[in-house]
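*Asks:* Sharing a model prediction with you, sequence too.
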Amino acid sequence: MIFFIYSALFNAFIAGLLGIVVILKNRKDIINRLFFGLSCAVILWSLSYWQWMSADSPQLALFWSRVLSVGSLFIPVFYFHWILAFTGLNKQKKRVIQTVYAITFLFLIFSFSGYFIERVEPRYIFAFWPVPGVFYNLYLIFIYFGLTAYALIILWRQFKINTGVKRQSIKYVIIGSLIGFGGGATNFFIWYNIPIYPYGNVLVSFYPIVLAIATFRYNLFNIKIIATELLTFSIWSFIIVRLFLSETLQERLIDGGLLIFLVVSGILLIRSVSHEVNQREKMEKLAKQLKIANTKLKKLDKAKSEFIAIASHQLRTPLTVIRGYVSMILAGDFGSMSSKIADPINKISESSKRLISLVEGMLNVSRIESGRLKFNFSVTRLEDVITSVIQELSGRAKEKNIRLRYKKSKKPLPELMLDRENIRQVIMNLVDNAIKYTDKGNITVDLKQDGDNIKFCISDTGAGIR
């Protein structure tokens, strides 16, 4: 008998402790509020159970067994509502929730009548055990087992469609619920003259513990924190049971002091683990944000490259047309022209060449970034490539009064296997850069053979490569 009394007090203590901690954590969250309601129902059931077991008269035992029934009515209801809030289905199943509460209050009206509990009588080792009425049978079928089974079915469906952390959290809630409600169900056997004693009462505290952890961690259910909290709560529970079972004052003082020490150290341990997990969660969150930002940057970079490629293609066509017509004018295809017109036409020709070169460079950059740059290798004389670059840029050098000189190799150089257009673009960029950053003096382009290598050098009197 003493075991059942202490197990009831133990359940009340655990439910009260967790209920206060959860509601203080966040009073506005419906999940926290529903858990607090569930805890209150468990407390009412547990304390009434204790008083019922301690009663010394049938009238007192009947009264407390009926008070107990009020708590047992609301435990499955608050649990069901909590499950719907936990899985995010509370708004979708609003009508179902309203119906469940309406039915529960209907049962509540008869909870202190003979329709719910007829009387108490001696059964087995118990002096006063309730005899169920017709409404108690209906409560057992539709509320305790029916509603709990419905909640577990919802959890199982959510478990199958969810992944990762959420799936893990639902799994632990299912396990905790089965153990907790299974332990509570051991009370019903004696109600129907089946000689199985309610030793499973002590397991009732298991599901509030798991649900409390899920309430704290329902967005990121962490196994490490769960293990730490469950271990800590288990140690506390063991010492509390020892404290109640202590026979001497000295044992109670020792167990009480040990309990205080373990409560303080347990809280510090849980905080330490929580801090570590929170730091890891923040790092994971930052990593996800960086990943998202990197993805967006890649998209923007791709869009930029595509824009440059399209714009460059669109620019190159009219520039090529301009250059073609300017060449025809300079060649006299449209008749002779005066020296006064020839100078601006030449400038137009040079400018169009530079613009075409710039557009080609932009296209090449776009191709390189997108991995679409193609190479056309062929046997080429590098001297011819350099000569054509010098001829094209000599006009710019003259405009700045810079001497552009090409020192050819005294010995004939071997032909090379290279991409003529891309190499020409590289040499063009280097010589053009030298002209741009040289204000006066000279630029020398040197090409010679150095052993098995061909050495290409540019020297100038300017600021150098920028």
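*Replies:* That came in fine, so what should we check first?

*Asks:* For residue 121, which residues are in contact?
*Replies:* 58, 128, 129, 131 (C-beta atoms under 8 Å, 6 or more residues apart in numbering). In this view, the C-beta of every residue, glycine as well, is placed from N, C-alpha and C.

*Asks:* Assumed it was part of a strand.
*Replies:* Yes: under DSSP: H, G, I helix; E, B strand; the rest coil, residue 121 falls within a strand.

*Asks:* now it: how far from residue 137?
*Replies:* 17 Å (C-beta to C-beta, to the nearest Å).

*Asks:* quick one: pLDDT of the closest residue to residue 68 other than its chain neighbours?
*Replies:* Using C-beta to C-beta, 6 or more residues apart in numbering and skipping the chain neighbours, the partner closest in space to residue 68 is residue 48 (3.7 Å). Residue 48 is assigned a predicted lDDT (pLDDT) of 91.

*Asks:* quick one on the thing from earlier: tabulate the contacts of residue 121 in a markdown table, adding columns for distance to residue 459, pLDDT and neighbour count.
*Replies:* Shown next, in a markdown table, are the contacts of residue 121 (distance: C-beta to C-beta, whole Å; pLDDT from 0 to 100; neighbours: other C-beta atoms under 10 Å):
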| residue | distance to residue 459 | pLDDT | neighbour count |
| --- | --- | --- | --- |
| 58 | 115 | 90 | 14 |
| 128 | 111 | 90 | 21 |
| 129 | 109 | 89 | 18 |
| 131 | 112 | 91 | 17 |
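
*Asks:* Contacts only, for the closest residue in space to residue 26 that isn't next to it in sequence.
*Replies:* Residue nearest to residue 26 in three dimensions, not counting chain neighbours: residue 32, with 4.8 Å by C-beta to C-beta, 6+ apart. Taking C-beta under 8 Å, 6+ apart as the contact definition, residue 32 lies against 22, 23, 25, 26, 215.

*Asks:* picking that back up, what's the neighbour count on the residue nearest to residue 68?
*Replies:* Residue 48 is flanked by 22 other residues according to other C-beta atoms under 10 Å.

*Asks:* pretty sure it is touching residue 61, no?
*Replies:* No: using C-beta atoms under 8 Å, residue 48 makes no contact with residue 61, being 10.6 Å away.

*Asks:* thinking again about what came up before, now flag whichever of the contacts of residue 121 is closest to residue 116.
*Replies:* For the contacts of residue 121, the residue nearest residue 116 by C-beta to C-beta is residue 131; the value is 10.6 Å.

*Asks:* I'd like the distance between the closest one and residue 103.
*Replies:* For residue 131, the distance to residue 103 - C-beta to C-beta - is 23 Å.

*Asks:* what do you get for residue 377?
*Replies:* In terms of C-beta to C-beta, residue 377 sits 84 Å off from residue 103.

*Asks:* So which of those two has more stuff around it?
*Replies:* residue 103 (17 against 11).

*Asks:* sorry, back to before: from the contacts of residue 32, which two are the most distant?
*Replies:* 23 and 215 (9.8 Å).

*Asks:* between the two, what contacts are shared?
*Replies:* Here residue 23 and residue 215 share the contacting residues 32, 35, scored by C-beta under 8 Å, 6+ apart.

*Asks:* Who has more neighbours out of the two?
*Replies:* The residue with more neighbours, out of residue 23 and residue 215, is residue 215; 25 against 18, by other C-beta under 10 Å.

*Asks:* Assign a three-state SS to residue 456, would you?
*Replies:* strand.
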